[in-house]
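> how would this look folded up:
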Amino acid sequence: MRLLLVADVHANWEALLTLQRAEKQPDAVLFAGDAVGYGPDPALCARWLLTHADLAVRGNHDAAMAVAACSGAPAELAEAAEDTLAYARRMVAPAEVAGLAHWPLMATAEYGGARFYVAHGTPADPLAGTLNAATASDAELDGLFGDIAADVIVLGHTHMPALRRFGDRLIVNPGSLGQPRYGVPDATFAAWEDGRIQIHHLHYDHDATMQRLRLAPLDPETVETLIDVLEHGMIG
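Numbers count the residues shown, from 1 in each chain. Now for the predicted structure:
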C-alpha cells in the first residue's frame, strides 16, 4: 500500500498537477491542511483536495477563508496572506468553502496495518502550532504526543520537511507542496509504502505559477513578495 502525505498546497495548481503526474495511483492521500492562501489557483486546488484526499484536516488558511478571519501567517507574509485569502473567497464556490470549513482539526485513520494521526499544527494548537521535529526534545515530544495512539504522526504548517523517530512512533512533516521554505524552491511531499516512509522532492514549473500570480487581481507588492518566496524557497 502506498500513501501520499501532503501539506500546505497553498493554491499552487502547477505543483499539485505535477504531483498527480508523478504519483498516478496512490492507494490514499492524507492532507495536513492549507489548500488555499498565497497561490493563484485556490478553486482548482480546493476542489481537487476535497475530491481526492481520503483524509484531510483544516489548516489556518482554510479556517481563515471560511470565516473571513486573520490567517495567522508570519509577519513577513501577513499582507500577502490577507490579499490572497480575499481573492480566494471570490474564486472558491460556497459549497467548497463549506467543505474546507468542515474538515476536522485533527483526524486518525488506519491504513496498511498502521495508525495515522494528522493535524496541521500540533495537538495543543491544531491550526497554528509550530513544531521543529528535528530539534524538539524528547520531553517536548512526549508532552505533545504522549497520549496519542498512532504509529505515524503527520504535521504541516512549518513548510519544512522533517522526519523524527519518537519511541515506536514516527513524526513526519512532508513540507510544503505549494510554498517550500527550506531554502530550495522544489516542492516536497512524503510517501509511506508498506511501513517505509520517504520525503520526496518534486520539481515543477515555477514560472507558470509565477505568471499566474502576475495575472491574478492581486496587489503588485503581494505578487512580488510571493514570487520571491517561490524563487528562493524561503521567506525574505
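> kindly provide the distance from Trp192 to Tyr117.
Separation of Trp192 from Tyr117 (Cβ to Cβ, to the nearest Å): 13 Å. Every residue, glycine included, has its C-beta placed from N, CA and C.
> no wait, Val229
29 Å.
> related to what we said a few turns ago, looking at Trp192 and Tyr117, which is more packed in?
Trp192 (26 against 21; other Cβ atoms under 10 Å).
> ok, which stretches of the protein are strands?
Using DSSP state E, the strands assigned to the chain run over residues 2-6, 28-31, 55-56, 106-111, 114-119, 152-155, 162-166, 169-173, 187-193, 196-202.
> can I get these in a markdown table including distance to Gly37?
Shown next, in a markdown table, are the strands of the chain (distance: least, Cβ to Cβ, whole Å):
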| stretch | distance to Gly37 |
| --- | --- |
| strand 2-6 | 15 |
| strand 28-31 | 14 |
| strand 55-56 | 15 |
| strand 106-111 | 20 |
| strand 114-119 | 18 |
| strand 152-155 | 17 |
| strand 162-166 | 21 |
| strand 169-173 | 18 |
| strand 187-193 | 16 |
| strand 196-202 | 20 |
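> who wins for proximity to Arg21 among these?
strand 196-202 (9.8 Å; Cβ to Cβ).
> can you pull out the low-pLDDT segments for this structure?
Across the chain, nothing is flagged by pLDDT under 70.
> please, where are all the helices along it?
13-22, 42-52, 60-67, 78-91, 94-102, 138-145, 206-215, 220-232 (DSSP state H).
> what angle do the fifth one and helix 60-67 make?
Here helix 94-102 points in a direction 130 degrees away from that of helix 60-67 (axes from the mean of the first three to the mean of the last three Cα atoms, to 10 degrees).
> only C-alpha atoms, please: export helix 94-102 in PDB.
Only the C-alpha atoms of helix 94-102 are listed here, as PDB (Å, rounded to 0.1, in the frame of the first residue of the first chain):
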ATOM      1  CA  PRO A  94     -19.600  28.500  -1.500                       C
ATOM      2  CA  ALA A  95     -20.000  24.700  -1.300                       C
ATOM      3  CA  GLU A  96     -16.300  24.200  -1.500                       C
ATOM      4  CA  VAL A  97     -15.600  26.900   1.100                       C
ATOM      5  CA  ALA A  98     -18.100  25.000   3.400                       C
ATOM      6  CA  GLY A  99     -16.200  21.700   2.600                       C
ATOM      7  CA  LEU A 100     -12.900  23.200   3.700                       C
ATOM      8  CA  ALA A 101     -14.600  24.500   6.900                       C
ATOM      9  CA  HIS A 102     -15.900  21.100   7.700                       C
END
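> what residues sit buried inside that helix?
96-97, 99-100 (16 or more other Cβ atoms under 10 Å).
> and it, how far from the chain's centre?
Taking the mean of its C-alpha atoms, helix 94-102 sits 17 Å from the chain's own mean (Cα atoms, centre = their mean, to the nearest Å).
> His203: how many residues sit nearby?
Using other Cβ under 10 Å, His203 has 12 other residues around it.
> got the contact list for the nearest residue to it once chain neighbours are set aside?
Spatial nearest neighbour of His203, excluding adjacent residues (Cβ to Cβ, 6 or more residues apart in numbering): Asp186 at 5.1 Å. Asp186 makes contact with 180, 201-204, 233, according to Cβ atoms under 8 Å, 6 or more residues apart in numbering.
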